[in-house]
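[1] Structure of the sequence below:
(5 chains)
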Amino acid sequence: MPGIGGGFHRKTGMPPGTVIYLGERAAEGVRMTLIRFDEERFEEREIASIDEALPFPDDRSVSWINIDGLHDTALIERIGELLGVHSLVLEDIVSTRQRPKLEDHESYLYVVLRMLSPAARTGEIDSEQISLLVGPRYVVSFQERPGDVFDPIRERLRQGKGRMRKTGPDFLAYALIDVIVDNYFHILETVGDRVEEMDERIVTDPDPAALHEIRALKRETIYLRKAVWPLREVVGGLERLESKLIAKTTRQYLRDVYDHTIQVIDTIEALRDMISGILDIYLSSVSNRMNEVMKVLTIIATIFIPLTFIAGIYGMNFDFMPELRVRWAYPAVWSVMGAVALAMLFYFRRKKWL
Amino acid sequence: MPGIGGGFHRKTGMPPGTVIYLGERAAEGVRMTLIRFDEERFEEREIASIDEALPFPDDRSVSWINIDGLHDTALIERIGELLGVHSLVLEDIVSTRQRPKLEDHESYLYVVLRMLSPAARTGEIDSEQISLLVGPRYVVSFQERPGDVFDPIRERLRQGKGRMRKTGPDFLAYALIDVIVDNYFHILETVGDRVEEMDERIVTDPDPAALHEIRALKRETIYLRKAVWPLREVVGGLERLESKLIAKTTRQYLRDVYDHTIQVIDTIEALRDMISGILDIYLSSVSNRMNEVMKVLTIIATIFIPLTFIAGIYGMNFDFMPELRVRWAYPAVWSVMGAVALAMLFYFRRKKWL
Amino acid sequence: MPGIGGGFHRKTGMPPGTVIYLGERAAEGVRMTLIRFDEERFEEREIASIDEALPFPDDRSVSWINIDGLHDTALIERIGELLGVHSLVLEDIVSTRQRPKLEDHESYLYVVLRMLSPAARTGEIDSEQISLLVGPRYVVSFQERPGDVFDPIRERLRQGKGRMRKTGPDFLAYALIDVIVDNYFHILETVGDRVEEMDERIVTDPDPAALHEIRALKRETIYLRKAVWPLREVVGGLERLESKLIAKTTRQYLRDVYDHTIQVIDTIEALRDMISGILDIYLSSVSNRMNEVMKVLTIIATIFIPLTFIAGIYGMNFDFMPELRVRWAYPAVWSVMGAVALAMLFYFRRKKWL
Amino acid sequence: MPGIGGGFHRKTGMPPGTVIYLGERAAEGVRMTLIRFDEERFEEREIASIDEALPFPDDRSVSWINIDGLHDTALIERIGELLGVHSLVLEDIVSTRQRPKLEDHESYLYVVLRMLSPAARTGEIDSEQISLLVGPRYVVSFQERPGDVFDPIRERLRQGKGRMRKTGPDFLAYALIDVIVDNYFHILETVGDRVEEMDERIVTDPDPAALHEIRALKRETIYLRKAVWPLREVVGGLERLESKLIAKTTRQYLRDVYDHTIQVIDTIEALRDMISGILDIYLSSVSNRMNEVMKVLTIIATIFIPLTFIAGIYGMNFDFMPELRVRWAYPAVWSVMGAVALAMLFYFRRKKWL
Amino acid sequence: MPGIGGGFHRKTGMPPGTVIYLGERAAEGVRMTLIRFDEERFEEREIASIDEALPFPDDRSVSWINIDGLHDTALIERIGELLGVHSLVLEDIVSTRQRPKLEDHESYLYVVLRMLSPAARTGEIDSEQISLLVGPRYVVSFQERPGDVFDPIRERLRQGKGRMRKTGPDFLAYALIDVIVDNYFHILETVGDRVEEMDERIVTDPDPAALHEIRALKRETIYLRKAVWPLREVVGGLERLESKLIAKTTRQYLRDVYDHTIQVIDTIEALRDMISGILDIYLSSVSNRMNEVMKVLTIIATIFIPLTFIAGIYGMNFDFMPELRVRWAYPAVWSVMGAVALAMLFYFRRKKWL
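    Here you go, the predicted model:
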């Protein structure tokens, strides 16, 4: 999980539109695949240069170029040049800490999304920037790292089932966004399970290790929230967008995704509520346990301290202590001690401490 | 009560519009009943196939098909085909974790609601998805499980009293929604009673078991809140909907239901306030009790510790301790001890600890 | 004060528009009074049946029918019939747990308000539903219980001073609402005084009894809030209402009432802030006192425990303890003890515990 | 500072428009001053009756009547009569607990403001109602008490510098409002300084007296907030008002005042945040100190209690305790005790308590 | 960092439009630089008087006058006179505690921003007011202190790369604002790092010094928030502004800055959430540690207090204590003591205190 304080570029003073990659420099090269399809045909191949994909055939086919890796800025600039993409957009594509957003540039749409996945090592949430350029006959998708998240889409395209082969780039873009939003549900499910488990555990076993977990859960919901709120604006904006690039039939599907983002937000807010409740319960439990500890101490101490005092009295070495000489004094002292102890116990019982 | 982190489908990567049932697979089969009525006639029968109900007679009669159980997806798809329902809607009907929503598909309305009921075993809140398709001359209602919640409606239809037999499917849909919203009041009443009881109990008897109950109440209000907020949008949207499927006379009734949902929301918010107040009071009570425990310990300890020290002094075995030989030393020590104890008591009295 | 979880009807499954009284069944019968007035004339009498009041004379006079008690549903239905009131409205009139609301039925307005008064016995807040039907030449007011809250209005009508006799039913309705809103100020003043008093007391004397009072105050503000927020919508809606039933001159007066409801809401929010602050201060005070108790215990215990240990050493009965035989050992031990005690006191002084 | 629960009138049941003074009855009489000016002329005199100021000369001069004291209701009614002011407005002028508001009565504007000043005796915030009537050629200002807050305006008018002598009553009204809003900054500065000071002090010296101060600061910000939020609406409303009484050139100045009220609100919200943070820090500090106290007690007690026990053992008087006869037993016991104490200290060191 | 309660001017009673410098009086004089450029030419020089820069050549060149230091009010007034700037604007330029705002004066725009930088000495956040006047062919920028924040812009102008030399003053203004907003990211990064570090540290090592740091972080986020929220309105307003001074092509760049301010706000809100979470965790940790301390005390005390009592019993000097004479009594007492201690340990083990 990147730092909460992060999520911004660092190019202060540089001219706007400078295309500089800010992410981790991946070891592997950039990988580009082209999928071109229409209702009858389907073509899928890896390409070495963007020029291979152009010009787009002017018929009904849709071209989907997927680019894994953003560190080859020359490539990105070349794409921008060929497709007529604004330099600010190119800059945003490689600035991998963008807030999700939607920009309508008339001849194409630019969509930034964040793809969340549990980090392999730590189990914390990892975040990757996905950029989409949606034009009249093409979709270009940019991923920071190679990943298999879009595989189900590819499979559906290969099999040619469903609407996807019959519709335009807008429907393909919808499908890509839908896959990403669906991924949020997996993350939420994991977090939700952990919250539920913690909610159970916190009353029975409020140990300090729980604090670490609560802290982590809190961090993660703050992080999720920061990622999801703008997502909602993006999907909602896409649904309402007045653009000839989005067909009317696609809008209904976008609305379906929008419903999902609302559901994600609802769930995050409920999780936040739950976590804040768990912390309250945790504090209460700690207080309760401290209270119990105090009671035990108080009961033992207040019973024995007076008794020890009595014993101390008759341990004194004064020459003239007439009681010491009396034969029944010793048992009498025992009786007094017993009475004091019983009185104390009775008092605690009345206080409901026992 | 389903998990807070839940409430979403799990079909990542599947093509949209895939009708896959996600709920528990009920043992019993799907049960379909057809009620067909107009002002004069009333017909009620169980049907084995949706085709028995179609075509809808083109006169003034209203057909209400109620379907208990959603796991027969072939059946759902058949209904969709016959009534011309969009595949995304069919997918939503069987995805039993939908957020309440309203969709206007011009030739029909699609309404998703959540029906709440106290779970038989645990007393926690159980939730069931109810879908309604409202067309020009029909209502199709989908329930996850067989239930008797719509029985009063059936009874009113049979008796033919009131407006219901004289009006269209929109009024029937209103009546179904009204019954569901009324059910929320029962849930709220139960929760409300428990909150009130807890509010009374928390000051007199703040024991750890109360924490469990507070936690459960908190969970339930979070859950209710998540269920009711979208409900309000649904009912409000229905009232304002520009659709020829909703008669003007029905709007007034919908507004009545809308008022009820607002009342439900008000009450939930007030309950949340109450519960958060109860937790504060609980923490205060625990602090108070700890304070009292500490006072008892402190009083006993601070009185007897100095006295025990004095007794300890005269228990020493030095050869030359002139006091030990003095005849009045023993009573004098008693007097000193009494004076110390009284001084302590006076001090505590002044501190208002006694 | 009715329960927080309350405020709803219970007629699940009953046809809408069923007029069933849900309040407490009053012992007394229903009492109806008719006041009819115009600029010159004034008539006031008790009536046994609503038919006595009808038909309204078609001149400039205004008829005000006040009904104390709602359990005679036949009477209510008769009024509805004669005045052409919608059955849903009649249902709401007798369902005494309505949220305040305003409904414009073109030929008449329906206004629901809640009248608050301190309960005679407990001092808690009692709530009563007031319904108003405002027609072209009449106002019908429904109260749950006989009360003298409208007496000042009657008095002003009798004396014929001010605008009231010269204006229509809208101004009379305004006057009735104004009296009810003014009543909120009395409640607020009482609550406000108690909050101020508590605010003073909480620092000097944070005893557990204060918790009961804070809890009660919190409950009451939650209750007030739930009652007042919809009131604001009602009065605001009335002011802005496009209806020929509300004269333009009356709007200015309604705006005045609206200002008052805003003031009520401001005050409630400020009270809520105060109360939540008081609870914080209370918890701080309890912590402070516990701290003080702990300090006393710690000072006494840490001074005397080491001294008692020293005394214990020389109380041992070993044969060979050379110190015991030394003449100056006893005073030397005293000196050591004094030095230890002084060192401790110095330490505490440095820690600012003394 | 008036009570939080206050801020409302008390005339329940009285006819609207009744002019009854509700404030403290000042000992002194009402003082009226008339300032009349245009670009060339300036006239300033005390007047005994409002009639002296009327009729307003119909040329370009502006008349400013300032009235100190509101208890002469006959005077107020006379002003209302001469200037054609609505009786509800007159009622509001003398009801000195109005919420700030703006009313446009076409031929004049009515503005209510609250003037804050630190109370002479207690240092708490004192509040005074200022009403302004702004007509085509006059401004009438009403103050509860004589005060010198408007002196700078008078001075500027006398000297004739700046725009004020060249413009109409709207600019004069702006200047009066500007002076009042500027006064809020002084109050805020004082409160802000106290908050900053408390913020410094709370960590080093969290004593109970700080609680009193925090409580007072909290009260004051609640009070300020209640006063300032409506002020913003008033000034904003004035700026946007469609009225021929406000010249276009004046709007720019009003916008400047509006910016100031926003700044006041920002600052109050920041102060509220700070104060709530201070209380948290205070509670943390108290917890820290308690923790420290507990550690000292625990260290002393856990070291000496076992040692005292050992000493107690060898203080027993059994006939057959062979150790007592052994020559090296006494030093051996000392060694054991030393070892126990060292083990304890080592344990505490490892726990980081020392 | 200026005080939270600050951020306002102090000129109560002064006529509006009085140009009085309120900031610290800098030792150095005011420094003015003129940069004049168009696509081909570039001129940069220091000027002694504003008159040197005027009149602006009426061709396509853009003039940027940067003024470091605001204490020479005569100079500011001279600029106002020559450029036709409203006196209220001049007043705001030198009142260095303005809230960020945007004013459209038709012939020029006035923009106030706050430039944040970490204070050299304390590491706290320092704030400087930047004012921009944007006219048809000029930008005038006012800084409180000389600084190198605009150096990258100057460098880009000198090199003539990018759009800047080809566009008008609106683009230059955009570039200046962009640099300032980018600076916020640096501040946020620093604060974010400290928050993350504290978040790690708080669980392992919750010492009182952490409280100081939390308090400082809280103050800084309150301060940042107060600075950034209006910034967003300014940039958003600039983007939407209907003014011929802002070219359509520039709007896209402004929208980019707007996205950045949203990102800044998101991050600040997330940081606030984090800090409030850290304080909760801190309190929990302190409670946990206190709990642990209490347990140690209780275990030691409750084991040894009863044992010491037993020892005390047989330290009594009664003549007739038959046990003392029994040979196996001493080992028996040891056994009893051992049994008591074991029972206690078993009890603690069962309570999970060990």
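
[2] just the strands in chain A please.
    According to DSSP state E, chain A carries its strands in the segments A:31-37, A:42-47, A:62-68, A:101-104, A:109-118, A:125-134, A:138-143.

[3] Go through those strands and name the closest to chain D.
    strand A:101-104 (27.6 Å; Cβ to the nearest Cβ). From N, CA and C alone the C-beta is placed, and that goes for glycine too.

[4] Dump that closest one to CSV, restricted to CA.
    C-alpha atoms of strand A:101-104 as CSV (Å, rounded to 0.1, in the frame of the first residue of the first chain):
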residue,chain,number,x,y,z
LYS,A,101,-10.9,11.0,-13.4
LEU,A,102,-12.7,11.3,-16.7
GLU,A,103,-11.9,13.8,-19.4
ASP,A,104,-13.8,14.3,-22.5
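
[5] what about that strand, near chain E?
    Yes - shown here: strand A:101-104 in contact with chain E (Cβ under 8 Å from any Cβ of the partner chain) through A:Lys101, A:Glu103.

[6] next one: that strand to chain centre, how far?
    Computed by Cα atoms, centre = their mean, to the nearest Å, the chain-centroid distance of strand A:101-104 equals 24 Å.

[7] and the residue of the stretch 251-354 of chain A found nearest chain E, how far is that from E:Met337?
    In the stretch 251-354 of chain A, no residue comes nearer to chain E than A:Ala311, which is 3.2 Å away by Cβ to the nearest Cβ. Per Cβ to Cβ, to the nearest Å, A:Ala311 is found 14 Å from E:Met337.

[8] what does A:Ile153 give?
    Distance of A:Ile153 to E:Met337, given as Cβ to Cβ: 77 Å.

[9] quick revisit: looking at A:Ala311 and E:Met337, which has the bigger crowd around it?
    Between A:Ala311 and E:Met337, A:Ala311 has the larger neighbour count (other Cβ atoms under 10 Å in any protein chain shown), namely 25 against 19.

[10] So what's the residue count around the residue lying closest to the more buried one once chain neighbours are set aside?
    Leaving aside its chain neighbours, A:Ala311 sits nearest to E:Gly312 (3.2 Å; criterion: Cβ to Cβ, 6 or more residues apart in numbering or on different chains). The tally of other residues near E:Gly312 (other Cβ under 10 Å) stands at 30.

[11] give me every residue that touches E:Gly312.
    By Cβ atoms under 8 Å, 6 or more residues apart in numbering or on different chains, the contact list for E:Gly312 reads A:Leu307, A:Thr308, A:Ala311, A:Gly312, A:Gly315, D:Gly312, D:Gly315.

[12] can we see that at 10 Å?
    A:304, A:307-315, B:308, B:311-312, B:315, C:312, C:315, D:308-309, D:312, D:315-316 (Cβ atoms under 10 Å, 6 or more residues apart in numbering or on different chains).

[13] Just the buried ones among those residues, please.
    Among these, the ones that count as buried by 16 or more other Cβ atoms under 10 Å in any protein chain shown are A:304, A:307-315, B:308, B:311-312, B:315, C:312, C:315, D:308-309, D:312, D:315-316.

[14] anything in stretch A:40-56 near chain B?
    No - counting by Cβ under 10 Å from any Cβ of the partner chain, chain B is not contacted by stretch A:40-56; separation bottoms out at 15.5 Å.

[15] Pull out the buried residues from that stretch.
    So stretch A:40-56, judged by 16+ other Cβ under 10 Å, has buried residues A:Ile50, A:Ala53.

[16] With stretch A:337-346 instead?
    A:Met337, A:Met344.

[17] Nearest to B:Tyr174 among the strands of chain A would be which one?
    Closest of these to B:Tyr174 is strand A:101-104, at 37.7 Å (criterion: Cβ to Cβ).

[18] tell me what that closest one is packed against?
    For strand A:101-104, the elements it packs on are helix A:87-94, strand A:109-118, helix A:208-240, helix E:248-313, judged by 3 or more Cβ pairs under 10 Å, 6 or more residues apart in numbering or on different chains; DSSP states H and E.

[19] Next, the buried residues of the second one.
    Of the residues in strand A:109-118, A:Leu109, A:Tyr110, A:Val111, A:Val112, A:Leu113, A:Arg114, A:Met115, A:Leu116 count as buried by neighbour count, 16+ other Cβ under 10 Å.
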